[in-house]
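K.L.:
Return a 3D structure for these sequence lines:
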Amino acid sequence: MIVTFFIQRILWVDCIGAILTGVGLLLFSGWLSSLNGLSPTLVICHAFVHLAYGAYSFSLAVRNQRPMSLLLLLIFANAAWACFCVVFAVTLVGSAPIFGIAQFLLEGVYVGGLAIVEWNRRQILTNP
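P.N.:
As a prediction, this is how the structure comes out:
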């Protein structure tokens, strides 16, 4: 039942997750950079990617009717980011602590899952 609730509001889950992650990355960028073995600049850039993405997904979530092209852009961005996360994680193996690798892998799974759910519901999401 709770899963159905979130799936029906998947665009809100998407934008809130991205915005909260972006804010969290900004607030804790110093701590996360040392924990992940990444430069603070990279963590801050990562945060801004999330905030920009969150703003875009919010712009879709608030619409009554969503053009399929804009929704597909969101879905493909999610899928691409999931792939980038896996590449980042693999690149970090051997040079970063396990937490940094796990963070990117979990983010990739989460964002990839969003892409799958949004793809499967794309017709419904265009006209909720």
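
K.L.:
in the protein, which segments are predicted with low confidence?
P.N.:
1-7, 128 (pLDDT under 70).

K.L.:
what about the helices in it?
P.N.:
When secondary structure is read from DSSP state H, the chain shows helices at 2-8, 10-27, 29-36, 40-61, 68-92, 98-120, 122-126.

K.L.:
show me what contacts residue 92?
P.N.:
Each residue near residue 92 by CB atoms under 8 Å, 6 or more residues apart in numbering is listed here: 36, 37, 100, 101, 104. Heads up, the C-betas are built off the backbone N, CA and C, glycines and all.

K.L.:
same question but for residue 102, I mixed them up
P.N.:
Contacts of residue 102 by CB under 8 Å, 6+ apart are residue 89.

K.L.:
Give me the phi and psi angles of the residue lying closest to residue 97 once chain neighbours are set aside.
P.N.:
In this structure, residue 97 finds its nearest non-sequential neighbour in residue 37, 5.4 Å apart by CB to CB, 6 or more residues apart in numbering. With angles defined as degrees, to the nearest 10, residue 37 sits at phi 70, psi 30.

K.L.:
What count of nearby residues applies to residue 37?
P.N.:
Using other CB atoms under 10 Å, residue 37 has 14 other residues around it.

K.L.:
wait, it sits on residue 96?
P.N.:
Yes - counting by CB atoms under 8 Å, residue 96 is a contact partner of residue 37 at 3.8 Å.
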